[in-house]
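Peer 1: Sequence and predicted structure below; questions after.
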Amino acid sequence: MARRNWLSLAAAALVGCSSGAPDPSAPANAPALSASASKTAPSTVAASATSAVPAVTSTERPFDQYRAPGHDELAWAGFYFAVSGTPADYNAVAARFDPTFQNTSDAFAQQDAVAKVKPKLDQAIAEAKSNPFVQLPPVRMHMPPYDLDHGQYDLGSLIGPDLRVRVADGAASITFAANPGLAAYAPATETEARQLEHTIASNPLGRSVEVVVYGKVVGASLRGGEPQLTLVPTRVAVQCALVDGRTIPMFVATTMP
């Protein structure tokens, strides 16, 4: 599906709030935000970027109730509008995600496409407001070596603040906020640690693991016209990724209750 950046969203929300810039490849006729959204976005995004990250515990929401939006583009867009407080721009969302809107210049056909998108986006926003806890799709990463001095695996390279994970083919990207209760995983015994390290180090793919991160969406902004969501991780499930596509469960690290 062709992609269109939320050009006016980026112009309104990124000024003074992010090091990103609107995508110069975005079409000049990208739909504009309403005046109210353009005025709301800068202060809303600035607040989410500067406010203290709220504490999130493992008991705040059962993990089996975490949502798994997967490749649902509107679901991720719903998180952006729900968390940032920016009024929904249905034209911009239709232009970014709806093929009917993208493939015609017929004003009435585009209007009809927006009308179909609106209830779906409204539902996505409502669901994101009621349940901001998500399970991200699996991501291939590099597992750091076991820290012999501290008897643990540092999870910073898997859920650190410098990482950015794109979801749903670029519908949004995820950055991670620090969670002191989930900074490392310490195997219960040396035997467990040896077994984990042997399995990971023996992988022909070179410590390649598949990581599934659970967490709460606590912030939203725009980066180059792409919604960027801030997630406080609450659980990290790590599997060893093999050459033939199979995975071997390794460990699950959960934040403190």
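Peer 2: Thanks, I have the structure now. Fair warning: this is a prediction, and the values are worked out from it, not measured in the lab.

Peer 1: ok, then the element right after the longest helix along the chain?
Peer 2: Looking across the chain with DSSP state H, the single longest helix is helix 107-130. As assigned by DSSP states H and E, the chain's next helix or strand after helix 107-130 is strand 133-135.

Peer 1: by contact count, what packs against that following strand?
Peer 2: On a contact count with 3 or more Cβ pairs under 8 Å, 6 or more residues apart in numbering; DSSP states H and E, strand 133-135 meets strand 208-223. C-beta: built from backbone N, CA, C; applies to glycine.

Peer 1: For the very next helix or strand once past the strand it packs on, which helices and strands make contact with it?
Peer 2: As assigned by DSSP H and E, the chain's next helix or strand after strand 208-223 is strand 226-241. Packing contacts for strand 226-241, counted by 3+ Cβ pairs under 8 Å, 6+ apart, involve helix 73-84, helix 156-159, strand 172-176, strand 208-223, strand 247-254.

Peer 1: Between strand 172-176 and strand 226-241, find me the angle.
Peer 2: Calculated by axes from the mean of the first three to the mean of the last three Cα atoms, to 10 degrees, strand 226-241 forms an angle of 70 degrees with strand 172-176.

Peer 1: and strand 226-241, which strands flank it?
Peer 2: strand 172-176 (parallel), strand 208-223 (antiparallel), strand 247-254 (antiparallel) (DSSP bridges).

Peer 1: which regions of the stretch 1-150 of the chain sit below the pLDDT cut-off?
Peer 2: Where the stretch 1-150 of the chain drops to pLDDT under 70, the residues are 1-52.

Peer 1: Which residue ranges of it form helices?
Peer 2: 7-13, 35-50, 73-84, 90-97, 99-102, 107-130 (DSSP state H, counting those that start in this stretch).

Peer 1: would you turn the strands paired with strand 226-241 into a markdown table with distance to Ala95 and mean neighbour count?
Peer 2: Output for the strands paired with strand 226-241, formatted as a markdown table (distance: least, Cβ to Cβ, whole Å; neighbours: other Cβ atoms under 10 Å):
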| stretch | distance to Ala95 | mean neighbour count |
| --- | --- | --- |
| strand 172-176 | 16 | 22 |
| strand 208-223 | 15 | 22 |
| strand 247-254 | 37 | 15 |
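
Peer 1: Minimum distance to Pro87: which of the ones you listed has it?
Peer 2: Within the strands paired with strand 226-241, the stretch nearest Pro87 is strand 208-223; the backing value is 13.2 Å (Cβ to Cβ).

Peer 1: what mean pLDDT does the closest one have?
Peer 2: For strand 208-223, mean pLDDT rounds to 94.

Peer 1: For the longest helix of the chain, C-alpha coordinates in PDB please.
Peer 2: Listed next in PDB are the C-alpha coordinates belonging to helix 107-130 (Å, rounded to 0.1, in the frame of the first residue of the first chain):
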ATOM      1  CA  ALA A 107     -13.500  14.400  -4.500                       C
ATOM      2  CA  PHE A 108     -16.800  12.500  -3.800                       C
ATOM      3  CA  ALA A 109     -15.000   9.200  -3.800                       C
ATOM      4  CA  GLN A 110     -12.500  10.500  -1.400                       C
ATOM      5  CA  GLN A 111     -15.300  11.900   0.800                       C
ATOM      6  CA  ASP A 112     -16.900   8.500   0.800                       C
ATOM      7  CA  ALA A 113     -13.600   6.900   1.800                       C
ATOM      8  CA  VAL A 114     -13.200   9.300   4.700                       C
ATOM      9  CA  ALA A 115     -16.700   8.500   5.800                       C
ATOM     10  CA  LYS A 116     -15.800   4.800   6.000                       C
ATOM     11  CA  VAL A 117     -12.500   5.500   7.900                       C
ATOM     12  CA  LYS A 118     -14.100   7.700  10.500                       C
ATOM     13  CA  PRO A 119     -16.000   5.100  12.600                       C
ATOM     14  CA  LYS A 120     -13.100   2.700  12.500                       C
ATOM     15  CA  LEU A 121     -10.700   5.400  13.700                       C
ATOM     16  CA  ASP A 122     -13.100   6.600  16.300                       C
ATOM     17  CA  GLN A 123     -13.300   3.000  17.600                       C
ATOM     18  CA  ALA A 124      -9.500   2.700  17.600                       C
ATOM     19  CA  ILE A 125      -9.200   5.900  19.600                       C
ATOM     20  CA  ALA A 126     -11.800   4.800  22.100                       C
ATOM     21  CA  GLU A 127     -10.100   1.400  22.600                       C
ATOM     22  CA  ALA A 128      -6.700   3.000  23.000                       C
ATOM     23  CA  LYS A 129      -8.100   5.300  25.700                       C
ATOM     24  CA  SER A 130      -9.700   2.500  27.600                       C
END
